[in-house]
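K.L.:
Next come a sequence and a model predicted from it.
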Amino acid sequence: MTEVEIGRAKRARQAYGLDDVALVPARRTRDPEEVSISWQIDAYELELPFLAAPMDSVVSPATAIAIGRLGGVGVLDLEGLWTRYPDPAPLLQEIAELPAEQVVKRMRELYTQPIQEELIVQRIKEIRAAGVVAAGALSPQHTAQFAKAVVSAGADLFVIRGTTVSAEHVSSRSEPLNLKQFIYELEVPVVAGGVATYKAALHLMRSGAAGVLVGFGGGSSHTTKNVLGIAVPMATAISDVAAARRDYMDESGGRYVHVIADGAMGGSGEIAKAIACGADGVMIGSPLARAVDAPGLGHHWGAEAWHREVPRGVRTNLGTVGTLEQILVGPSSTADGTMNLFGALRRAMATTGYSDLKEFQRCELTVR
């Protein structure tokens with residue numbers, strides 16, 4: 001661990017982002033068709049190692065179904081427009097067309113509509129009826145309130161996602177969510193995060209989570225670094241949490257908790273490097289927001305953009321590059337890593353000589 005002196009009273013760790021590292025080919029290469037990128041989390045085996053980020057610009061019930069059929073999991077934001085309005089399509093169109101100076105104000109107005117439990121149940125059942133993994137996400141603030149609705153609807157995966165999620169939240173104003181007790185009593189596997197340090201991840205793993213999200217999500221659409229000053233470079237964060245996974249396996253007698261990189265992955269190269277740093281899978285948003293069939297219509301935003309007190313997100317115009325299928329599994333018509341994300345992952349693994357994701361975590365890296 002390298003520390004640098006900021007001044008006489010403060011030292012800081014040196015950390016690396018995904019842009020700072022690169023994959024190193026091994027002594028052998030492989031045929032890409034003989035490389036497996038399948039991933040199993042809890043009882044669910046997926047052809048592609050990813051969850052789509054729970055953001056209104058990325059996941060609707062229709063895109064969750066499409067993503068599921070392509071081999072991933074579309075996680076619906078259960079605090080988004082799809083659980084506040086019976087038909088949010090006109091509102092998504094309105095958000096995409098708003099002048100930049102009106103976005104935060106109008107989003108706050110739209111997202112003040114109360115969340116409706118019956119819509120949570122309806123959306124999850126709609127996804128589940130299509131025969132794909134049904135997953136929904138809540139923030140820690142709303143988890144206890146709506147968890148029963150999520151479970152009763154038959155959700156397969158429950159995601160608790162926030163800017164930061166800890167196993168110990170201290171508050172004198174309200175009763176904090178006891179994650180360990182909550183997860184223990186729940187009959188649905190839980191993925192929780194974000195975390196960015198070894199200790200925070202270890203505590204979250206001890207709560208019983210099936211997977212932990214590493215990072216703060218929304219890399220291209222949030223301004224958390226500017227507003228709160230919080231940022232942890234992803235390559236270092238993933239490696240630290242992967243170390244917590246290893247130590248927790250020893251501590252628990254073999255229980256494996258999945259490490260899922262969340263954020264700072266705008267293209268296929270970052271996805272490959274995230275897994276090489278130790279992630280089992282990834283959660284991606286902005287690459288999918290570029291799909292012509294994405295609900296954001298080429299625009300991208302997250303819950304941080306309409307926060308009532310401290311907004312720390314923006315609506316970003318990413319444009320479109322192709323269909324969801326082209327973006328995920330090709331074929332690609334661009335050379336910038338925004339399409340055929342998982343075909344590129346397969347080729348990166350083949351080029352560096354690894355046959356599956358677990359092997360690929362041993363890939364040698366260089367630092368620029």
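P.N.:
Happy to help now that I have it.

K.L.:
I'd say Gly319 and His300 touch.
P.N.:
No. Using C-beta atoms under 8 Å, Gly319 makes no contact with His300, being 10.0 Å away. Where C-beta positions appear, they are placed from N, C-alpha and C, glycine not excepted.

K.L.:
Neighbour count: these two, which is higher?
P.N.:
Set side by side, Gly319 and His300 show more neighbours around His300, with 27 against 10, by other C-beta atoms under 10 Å.

K.L.:
out of everything not next to it in sequence, what's closest to that one?
P.N.:
With C-beta to C-beta, 6 or more residues apart in numbering as the criterion, His300 has its nearest non-adjacent residue at 3.9 Å, and that residue is Ala289.

K.L.:
Tally up the residues packed near that neighbour, please.
P.N.:
Neighbours of Ala289 using other C-beta under 10 Å come to 30.

K.L.:
Quick check: it touching Asp56?
P.N.:
No. The pair Ala289 / Asp56 is not scored as a contact, 10.0 Å apart, by C-beta under 8 Å.

K.L.:
which residues are common contacts for these two?
P.N.:
With contacts taken as C-beta atoms under 8 Å, 6 or more residues apart in numbering, the residues that reach both Ala289 and Asp56 are Gly296.

K.L.:
Test for you: state the pLDDT assigned to the residue nearest to Ala237 when sequence neighbours are not counted.
P.N.:
Of all residues not flanking Ala237 in the chain, Ala196 sits nearest, at 4.3 Å (C-beta to C-beta, 6+ apart). Per-residue confidence (pLDDT) for Ala196: 92.

K.L.:
OK, contacts around Ala196?
P.N.:
164, 214-216, 232, 237, 240-241.

K.L.:
With Gln113 instead?
P.N.:
84-85.

K.L.:
For it, give me the pLDDT.
P.N.:
So Gln113 comes in at 96 (pLDDT).

K.L.:
Relative to Ile124, how far out is it?
P.N.:
Distance of Gln113 to Ile124, given as C-beta to C-beta, to the nearest Å: 19 Å.

K.L.:
Next, give phi and psi for the residue nearest to Ala237.
P.N.:
The phi and psi values for Ala196, taken as degrees, to the nearest 10, are phi -140, psi 10.

K.L.:
Repeat that for Ile271.
P.N.:
Main-chain dihedrals, Ile271, degrees, to the nearest 10: phi -60, psi -50.

K.L.:
Just to check, it is in contact with Val282?
P.N.:
Yes. Using C-beta under 8 Å, Ile271 is in contact with Val282, at 5.4 Å.
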